[in-house]
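In: Sequence and predicted structure are below.
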Amino acid sequence: SRDSVVYITTRQQVRDFWTRNVFSVPRGTGSGFIWDEAGHVVTNFHVIEGASEAYVKLSDGRDYRAALVGASPAHDIAVLRIGVGFQRPPPVPVGTSENLKVGQKVFAIGNPFGLDWTLTTGIVSALDRSLEGEGGNTVDHLIQTDAAINPGNSGGPLLDSAGRLIGINTAIYSPSGASAGIGFAVPVDTVNRVVPQIISQGRYIRPALGLELDEGLNQRLSRLLGVEGVVILRVLPGSAAAAAGLQGASAGRDGGLVAGDIIVAVEGKAVSSVASLGGRLDDFQVGDTVKLTILREGKRQEVPVTLQPGA
């Protein structure tokens, strides 16, 4: 699968203050992999973020200028496209990530520090990690591994022992900028859901309920109410949540806030923050009906809601 892994370099347009000339300067490097026969290349969003040009180098030395098809910053996924004519490199065989086990052997391929096509190995250390990326985006369901993942590996494939794709390596969370025995990967089940939509629509449309929520306010309110969950501030008119009869908070007589419904679980899986609610909903598609567990006036109820397209 070495042939399926690519080396990505990005450049940025910079205008000279004095002469007004525009220069293209190198910006960064990363890895990616061939997704399909049509020349789509998958990488991390942060590898190409802010770049004005991207170049993809294949393992046989061929270099291509890439077009950006689209991205989903919330999943740290981007899709590029190169016009490969003959001798197409093979796509990476796709596995699944739902049945991964802690302790399972994994392999990361990428280009750390510009060292072409390096293989590192390790095990799955933990599953379903959530971490905050740059720009305040929380990326959910990450696989944690002790396979060495350095900045140049970012966007490269994480493989199982049969050589199947189980994730996209991401080094965005390394505090020192070097591998410290903790690497993360976006799981392939997320990739499988997000990438085809980016290819067909240019972006990923997250499933949503049609609620007004606030993370900071939610933390304060849930502490105040002594409840782990997501307090609905307002139900947007005409939304999926309105059709399901969910109720937002209202103003009390003393001008304070009276809580309406509090979402405590999605399909039986607990949610304790606005970000975790978004992550749980992200396991489904727009049009799916999901069962929310809510607290209404202190009593638990189950409410089915059909998901709508999010922003």
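Out: All right, it came through fine. Given the structure is predicted, the values throughout are model-derived calculations rather than measurements.

In: Show me the shaky parts of the chain.
Out: The chain contains residues with pLDDT under 70 at 1, 22-27, 86, 112-116, 133-137, 171-181, 311.

In: count of neighbours near residue 249?
Out: Residues within reach of residue 249, counting by other Cβ atoms under 10 Å, total 20. Backbone N, C-alpha and C define where each C-beta goes, glycine included.

In: could you pull out the strands for the stretch 151-300 of the chain?
Out: Assigned by DSSP state E, counting those that start in this stretch, the stretch 151-300 of the chain shows strands spanning 157-159, 165-170, 183-187, 207-208, 211-212, 230-231, 234-235, 250-251, 257-258, 262-266, 269-270, 289-296, 299-306.

In: Between the ones you listed, which one is closest to residue 195.
Out: Proximity to residue 195 (Cβ to Cβ) singles out strand 165-170 among the strands of the stretch 151-300 of the chain, at 9.7 Å.

In: How far does the longest strand seen in the chain sit from its chain's centre?
Out: With secondary structure taken from DSSP state E, the chain has its longest strand at strand 118-132. With Cα atoms, centre = their mean, to the nearest Å as the basis, the distance from the averaged C-alpha position of strand 118-132 to the chain average is 15 Å.

In: what comes into contact with it?
Out: Residues from elsewhere that reach strand 118-132 (Cβ atoms under 8 Å, 6 or more residues apart in numbering): 2, 100-112, 138-149, 153, 173, 182-184, 275-276, 279.

In: Can you give the strand pairings for that strand, parallel or anti for each?
Out: strand 105-110 (antiparallel), strand 138-145 (antiparallel) (DSSP bridges).

In: could those be laid out in TSV, adding distance to residue 122 and mean neighbour count?
Out: Below are the strands paired with strand 118-132 laid out as TSV (distance: least, Cβ to Cβ, whole Å; neighbours: other Cβ atoms under 10 Å):
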stretch	distance to residue 122	mean neighbour count
strand 105-110	6	23
strand 138-145	5	22
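
In: what would the ones you listed look like in TSV with distance to residue 205?
Out: Converted to TSV, those look like this (distance: least, Cβ to Cβ, whole Å):
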stretch	distance to residue 205
strand 105-110	29
strand 138-145	17
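
In: so which of those strands comes closest to residue 69?
Out: strand 138-145 (19.9 Å).

In: which outside residues touch the closest one?
Out: So strand 138-145 is contacted by 74-76, 97, 100, 106, 108, 122-133, 158, 166-167, 170, 182-187, 189-190, 275-276, 278-279, 282 (Cβ under 8 Å, 6+ apart).

In: and with 7 Å instead?
Out: Contacts of strand 138-145 from elsewhere in the structure, counted by Cβ atoms under 7 Å, 6 or more residues apart in numbering, are 75-76, 97, 100, 106, 122-133, 158, 167, 182-187, 190, 275, 279, 282.

In: Going through those residues, which ones are buried?
Out: Buried positions within the contacts of strand 138-145, assessed by neighbour count (16 or more other Cβ atoms under 10 Å), are 75-76, 97, 100, 106, 122, 124-125, 127, 129, 133, 158, 167, 183-187, 190, 275, 279, 282.

In: The strands of the stretch 151-300 of the chain: which one's closest to residue 44?
Out: When these are ranked by proximity to residue 44 (Cβ to Cβ), strand 165-170 comes first, at 5.2 Å.

In: which helices and strands sit right next to the closest one?
Out: strand 105-110, strand 157-159, strand 183-187, helix 188-201 (3 or more Cβ pairs under 7 Å, 6 or more residues apart in numbering; DSSP states H and E).
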